[in-house]
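> Sharing a model that was predicted from the sequence below.
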Amino acid sequence: MKQLEERIKKDGRVLGDDILKVDAFLNHQIDPDLLLAIGAAFAQQFQDERIDKILTVESSGIAPAVFAGLALHVPVVFARKNKSLTLPDGVWTADVYSYTKQTTNHVMIDQRFLGAGERVLIIDDFLANGQAVVGLLDIIDQAQAVAVGAGIVIEKSFQKGRQLLDARGLPVVSLARIKAFRDGQVEFES
């Protein structure tokens, strides 16, 4: 997605060899016009999948998931990282390791919001090591739902996440695929 790549070049900040900060438009401050285009792009890519729900992990996946849900006219469910007093005991759970935060989160979804046979699209802001998507796949399996694919805003293709999901046979659509970070600049896949 050229518009996204241009925005990454303009406002993304490379930290070290493997971290890209996109907090100026995606996961701290949100550009709704860009997110509208992102949602439309995911809707176009997955329009034939008869999606019942979109699934993501809080918090950075919520914005692109909501815009995709809006474009596809389906509900969005996000896995919570912390159990609140209002969350019932009947939850699907998985452990998800965050590379950037160096911590494992115990994520959960109320069982009322994900059921057997539902066709689910996973949406997330980044694909790096694949742990968030794998955790959501675990929850989808527990619920006996069906994962139809994953929509990723930004993929760091030099990390192992894509290979992990390809090995599981999950269709993955990434709107921007990064080949490498060189001298503080982003190099995209062609």
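Ah, there it is. Residues are numbered from 1 along each chain as shown.
> so T103 bridges to which residues?
Listed by DSSP bridges, the beta-bridge partners for T103 are S98.
> Please give the number of neighbouring residues around it.
If you count neighbours by other C-beta atoms under 10 Å, T103 ends up with 10. Just so you know, the C-beta spots here come from the backbone N, C-alpha and C atoms, and that holds for glycine as well.
> Ok, F67 next?
Burial measure for F67: 25 neighbouring residues, criterion other C-beta under 10 Å.
> and if you look at K9?
Number of residues near K9 (other C-beta under 10 Å) recorded here: 11.
> Checking it next. Helix, strand or coil?
Of the three states, K9 takes helix under DSSP: H, G, I helix; E, B strand; the rest coil.
> Name the residues linked to the closest residue to it other than its chain neighbours by a beta bridge.
Distances taken as C-beta to C-beta, 6 or more residues apart in numbering put V186 closest to K9, at 6.3 Å, once the chain neighbours are dropped. Applying DSSP bridges to V186 gives these bridge partners: F181.
> Relative to F25, how far out is V186?
Separation of V186 from F25 (C-beta to C-beta, to the nearest Å): 14 Å.
> next one: R177
Here R177 is placed at a distance of 18 Å from F25 (C-beta to C-beta).
> now V173
Remark: distance between V173 and F25 (C-beta to C-beta) = 20 Å.
> and these two? which has more neighbours close in?
Neighbour comparison, V173 and F25: the larger count goes to F25, with 19 against 16 (by other C-beta under 10 Å).
> show me the contacts for the more buried one.
By C-beta atoms under 8 Å, 6 or more residues apart in numbering, the contact list for F25 reads R7, D11, D31, L34.
> which ones are touching the residue nearest to K9?
Applying C-beta under 8 Å, 6+ apart, the residues contacting V186 are I8, K9, G12, V14, L20, I178.
> Done for today, thanks.
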